[in-house]
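Asks: Quick one, what's the 3D model for this:
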Amino acid sequence: MAKKKGKNKRKQQKKRIICITSIVLVVMVGVGGVFLYKKLTAQTREQAIQEYMGYIEKNEYEKMYELLDEGSKETISEEDFVTRNKNIYEGIEASDIQLDIPEEQDKDQPLSYRVSMNTLAGEITYDTDTFFEKEEGKWHLVWKDSVIFPELGSEDKVRVSSVEAERGSIYDRNDVLLAGKGTVESVGLVPGKMNIQAEEDIKALAEILGTTEDSIQAKLDASWVQDDSFVPLKNMTQEQLDQPYKAKDGSMPGGSIQDKLLEHAGVLISKADSRVYPYGECMSHLLGYVQQIQAEELEERKGQGYNEQSIIGKSGLEKLYEERLREKRGYRIAIVDQQGEEKQALAVKPAEDGEDIKLTIDIRWQQKLYEAYQEDKSCSVVMNPTSGEVLALVSTPSYNAMDFIVGMSQETWDVLNNDENKPMYNRVRETWAPGSSFKPIIGAIGLTTGAMTEDEDFGASGLSWQKDESWGNYKVTTLHTYDQVVLKNALIYSDNIYFAKTALKIGADSLAKQLDKLGFGQDIPFDIGMTSSQYSNSETIESDIQLADSGYGQGQILVNPLHLACMYSAFFNEGNMIAPYLEYEEGKAASYWAEGVFTPEAAETIYEDLKEVVSNPNGTGYAASKVTGSTLAGKTGTAEIKASQEDENGTELGWFAVYNTDVSEEDTMLMLNMVEDVKGRGGSGYVVNKDVEIWNQMQ
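Replies: Reported below is the predicted structural model:
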């Protein structure tokens, strides 16, 4: 029994040992597990600095503060920390912050790493190190100002300086300034010179300047204003200042706007730098204008160097060439001490002036055309048909781009937008019914396709004609009868019937094919976007009547003026159609938009026949023979714009395409003009007479 009890006792002891051992193992495993967990979740110094720097681009400065050790938090408050970091990082526009941290660093030493970031002055890269303290199992930064930049002391600041640059200028072919740096008149107040009746003066000035009393007062109340400060209120042109003053009630008390402004104590008018357009209305459609960038534009161009004060092209060439004309402001980011002395330059981005652009435009042609047609609804093109250089692009009536520069009043804006003549509308970019100015094109196509010959007599048809009874009551009409109904005479007399018959001889499919070859339905290869020409509202010429009407520039034919000038250029270039261009380039070789649009023989025939349109007393352009010093050739056109053949209330467009024939290729000029509403004013003859004046002045 004793032996048995001893044996049981040993078994129980063994069980206790096993149990204790198990408990010890469990405890050891548990404790080991805790240690292992802490090791896996404890933040490394590398992770800490990466987390800290990652909050900068998110503008989460409060979270950065949470990563500081307790000692650092005792030296700087959260508010001061957030303010300092926010001002610096957002002031330099820090972005794309990258860290390069070497591996296997001694934990008893500060953590070394390299920082690189993009800023508005370019990339900043620096090597630095930071101490860390481990608190509650996590690493925390020991913060001081040098964490931002190594050389930054607690009393230092980071200064961002901007270096101004200039927007590029635009010149004509003779280096005449068309858009660029100039001055305007700045109307302002000197507070110390205002009298005790300042409120009355402010009220009167607000009325004269088209602004509000509150606006003027707000400018006078600005923190920087001293008694001897000049406080700008509005920029104006001298032309605006010289205009007669018109009171709010419509009365004209006498004197100019400038006179009325200077009646009030404290008013001073001085010069201010500005973008200027010296030629005003005559160039505004072409050049466009600049204004301060809008919020949505700034968002669209984020990261491209624009800011809230940037000036940007809004229309015309200013907008088209924005990327080349725009100036790029320079920046210098530096650490400065308490006295404002620079300690270290962190990044420098040099200022870049915009590119100057020289155009093929000749301001003399541009001015003369504008002056001649400024009261009309018109558009004009002047180009050298052998080189493709465009010397003038004019649309009238126009607006003055300087109104946008100095600040357009609501009244001026309303007048522009409500004017039935649409001065903001650029007619040279649109398409119009060409009328008889299209007949030389049809003639050249007829000769090129072999549909007719220059000596083929179509026979007399009287003043009205129709193909057959299928046309019902519809007839093609013309104004003159004459002997020998051949191509030259048809051009001289501008015979609608002849060219209607020519179109029928060519055929709808063939004509469409040839017009496609001439660029119809295509983008014009030109810097400025133009509306594409068309020969039908659908994909085909759908009837014989439409085909016949197309022969004399009616039906559904719509042509862009620059495109029509390019088509005429083929008469000078052995049947090749020139590619127009606007930017001047010395010695540039001519290039063709399309080659072989007419045969050389057809082009030569039309070129010679158009001389007769001007020199022959029966020619519709005979008045142009009176130009002194030049021998001219060309073609007139009167396009009818009406609802039906019986419509007597429609209007007319007058055209004249004219060129000089007795000069070198370098001096050859092709001028093409279109004027709306010439019905009752002589039709195309109105345009011819205007052009005679222009050619005489340009000799």
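Asks: Strands of the stretch 451-600 of the chain, residue ranges please.
Replies: Applying DSSP state E, counting those that start in this stretch to the stretch 451-600 of the chain gives strands spanning 464-465, 476-477, 577-578, 592-594.
Asks: partners of the longest one, with directions?
Replies: Using DSSP bridges, the strands paired with strand 592-594 are strand 577-578 (antiparallel).
Asks: same thing with the second one?
Replies: Based on DSSP bridges, the strands next to strand 476-477 in the sheet, each with its direction, are strand 464-465 (antiparallel).
Asks: For the partner strand, what is the distance to the chain centroid?
Replies: 50 Å (C-alpha atoms, centre = their mean, to the nearest Å).
Asks: Show me the contact partners of that strand.
Replies: The contact list for strand 464-465 (C-beta atoms under 8 Å, 6 or more residues apart in numbering) reads 475-478, 497, 500-501. Backbone N, C-alpha and C define where each C-beta goes, glycine included.
Asks: For Gln466, which non-adjacent residue is spatially closest?
Replies: Lys475 (4.6 Å; C-beta to C-beta, 6 or more residues apart in numbering).
Asks: Tell me the pLDDT of that neighbour.
Replies: pLDDT for Lys475: 95.
Asks: Kindly indicate the member of the contacts of strand 464-465 with the most neighbours.
Replies: Sorting these by how many neighbours each has (other C-beta atoms under 10 Å) puts Ala500 first, at 29 neighbours.
Asks: looking at it, that residue is touching Asp549, isn't it?
Replies: Yes - under the criterion of C-beta atoms under 8 Å, Ala500 makes contact with Asp549 at 7.0 Å.
Asks: If you tally nearby residues, what's the number for the residue lying closest to Asp544 once chain neighbours are set aside?
Replies: Nearest-residue entry for Asp544: Lys467, 5.9 Å, with adjacent residues in sequence omitted and distances by C-beta to C-beta, 6+ apart. Using other C-beta under 10 Å, Lys467 has 16 neighbouring residues.
Asks: Mind listing the shared neighbours of Ala500 and Asp549?
Replies: Contact criterion C-beta under 8 Å, 6+ apart; residues shared by Ala500 and Asp549: Val476.
Asks: Pop the domain breakdown of the chain in here.
Replies: Annotated domains of the chain cover 1-36, 45-153, 170-357, 365-411+427-698 [automatic domain parsing].
Asks: possible to save these as JSON lines with distance to Glu164?
Replies: Listed next are these as JSON lines, based on distance: least, C-beta to C-beta, whole Å:
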{"stretch": "domain 1-36", "distance to Glu164": "62"}
{"stretch": "domain 45-153", "distance to Glu164": "14"}
{"stretch": "domain 170-357", "distance to Glu164": "6"}
{"stretch": "domain 365-411+427-698", "distance to Glu164": "18"}
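Asks: Compare those and say which comes out lowest on pLDDT.
Replies: domain 1-36 (a mean of 40).
Asks: tell me the contacts of Thr636?
Replies: Contacts for Thr636 (C-beta under 8 Å, 6+ apart) come out as 436-437, 494, 613, 620-621, 654-656, 684-685, 687-688.
Asks: buried residues in the longest strand seen in the chain?
Replies: If you go by DSSP state E, the chain has its longest strand at strand 177-189. In terms of neighbour count (16 or more other C-beta atoms under 10 Å), strand 177-189 has its buried residues at 177-180, 182, 184-189.
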